[in-house]
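Trainee: let's see this in three dimensions:
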Amino acid sequence: MGNLHDRSHGHSHSDLKGRNLIISIFLNLLITVCQVIGGLVSGSLSLLSDALHNFSDVLSLIVSYIATLLAKKEASTNRTFGYKRAEIIAAFINAATLIVVAIILIKEASERFLQPQKVESDLVIWLSLLGIAANGFSVLLLKKDSQSSMNMKSAYLHLLTDMLASVAVLIGGLVMKFYEVYWVDAALTLVIALYLIFVGYDLLKESTRVLMLFTPNTIQVRQIVEEVGMIDSVKNIHHIHIWQLNENEVHLEAHVDFKEDIKLSEFDKVLGQIEEIVYHKFGINHVTIQPEYGKSDSKQIIVQD
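Mentor: Residues are numbered from 1 along each chain as shown. So this is what the prediction gives:
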């Protein structure tokens, strides 16, 4: 097995991610409490829906924070991969909650469309400004880490959509204040819900692919077969499995049939060649090869075990 290209992340980076998540958790708790009180006092459904979304942010950020702590735990004899998939599971949970919250909001908005209610717009305006400021700051804190971690991306998307939702609530508050058009409250809630489904679906699909051990979209198995097959001593490569463990690790295991009954030292050289090919051309950094010579097994590229 080869893992020459492992890359580890320092504890300081993980600690920084954890600190940023904790700051975001407390900011969103503050917003949630203020918006719930404000929504009940003003009668604004869009403000209450924003509060519900903020509360889902709090839960998702807590899940993300726990996942970052688990991901730092060492592997053991009964957990040989450690908790490396904790952040993928967190991303899946957070994406699913985005869609669930959206469905609840659609239901509430539909009922409010039928019975529009007068809303205290001044309170809506001030609390939406608070939401924009606090979520905007949280978005800036998590933006960099969201580019390299599916878990952090899920938390970032929660906060980004909530900031955009607060912008929508602000616009709605201004329209209700100056034009007294109260159905816009329900309309904005519906727009927020549809946007949540839009951003949540892609992340849900991406995290599901990793959890289901699907081959990453960027990797073409037949290209790997062609590249490895060009090595002189290799007859064919078959029985291939490729999966993504987390954002940083892609694994390949396969059987390689050799033209001759080579020595173990010669196999090690070929293994090194295979590792270099799949790492530099396909981004695969963990390789497990079963060498074979004249073995009568299936030579199909993909074999379901």
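Trainee: so which elements touch the longest helix anywhere in the chain?
Mentor: In the chain, with assignment by DSSP state H, the single longest helix is helix 11-42. The contact analysis (3 or more C-beta pairs under 8 Å, 6 or more residues apart in numbering; DSSP states H and E) places helix 11-42 against helix 45-71, helix 121-146, helix 150-179. C-beta here means a position set from N, CA and C on the backbone, and glycine is covered the same way.
Trainee: kindly recompute the last result at 6 Å.
Mentor: Contacts defined by 3 or more C-beta pairs under 6 Å, 6 or more residues apart in numbering; DSSP states H and E place helix 11-42 against helix 45-71, helix 121-146.
Trainee: which positions within it qualify as buried?
Mentor: Neighbour counts over helix 11-42 (16 or more other C-beta atoms under 10 Å) mark 17-18, 20-21, 24-25, 27-28, 31-32, 34-36, 38-39, 42 as buried.
Trainee: same check, this time on stretch 283-301
Mentor: 284-287, 289, 291-292.
Trainee: tell me the one of those nearest residue 170?
Mentor: residue 285 (45.9 Å; C-beta to C-beta).
Trainee: any idea how far residue 276 is from the closest one?
Mentor: 11 Å (C-beta to C-beta, to the nearest Å).
Trainee: and if you look at residue 233?
Mentor: 15 Å.
Trainee: okay, the helices and strands packed on helix 11-42, which one's buried deepest?
Mentor: helix 45-71 (a mean of 24; mean count of other C-beta atoms under 10 Å).
Trainee: beyond that one, next helix or strand please.
Mentor: helix 86-114 (DSSP states H and E).
Trainee: packing partners for that following helix?
Mentor: Where contact means 3+ C-beta pairs under 6 Å, 6+ apart, helix 86-114 is packed against helix 45-71, helix 150-179, helix 183-211.
Trainee: confidence score at the residue most central in space within the chain?
Mentor: Residue closest to the mean C-alpha point of the chain, counted by C-alpha atoms, centre = their mean, is residue 150 at 3.2 Å. Per-residue pLDDT puts residue 150 at 81.
Trainee: now it. Nearest residue, chain neighbours left out?
Mentor: Leaving out its chain neighbours, the residue that sits closest to residue 150 by C-beta to C-beta, 6 or more residues apart in numbering is residue 91, at 4.3 Å.
Trainee: show the contacting residues for that neighbour.
Mentor: 150-151, 154, 207 (C-beta atoms under 6 Å, 6 or more residues apart in numbering).
Trainee: redo that, cut-off 7 Å
Mentor: Counting by C-beta atoms under 7 Å, 6 or more residues apart in numbering, residue 91 makes contact with 150-151, 153-154, 203, 207.
Trainee: try residue 256
Mentor: Counted by C-beta under 7 Å, 6+ apart, residue 256 has contacts 234, 237, 289, 291-292.
Trainee: domain parsing of the protein, as residue ranges.
Mentor: Residue ranges for the domains of the chain, per automatic domain parsing: 11-211, 221-292.
Trainee: by mean pLDDT, show me the worst of the ones you listed.
Mentor: Looking over the domains of the chain, mean pLDDT reaches its minimum on domain 11-211, with a mean of 83.
Trainee: can you tell me the strand partners of the strand ranked longest in the chain and which way each runs?
Mentor: What stands out as the longest strand in the chain, according to DSSP state E, is strand 234-244. Strand pairing for strand 234-244, determined by DSSP bridges: strand 250-258 (antiparallel).
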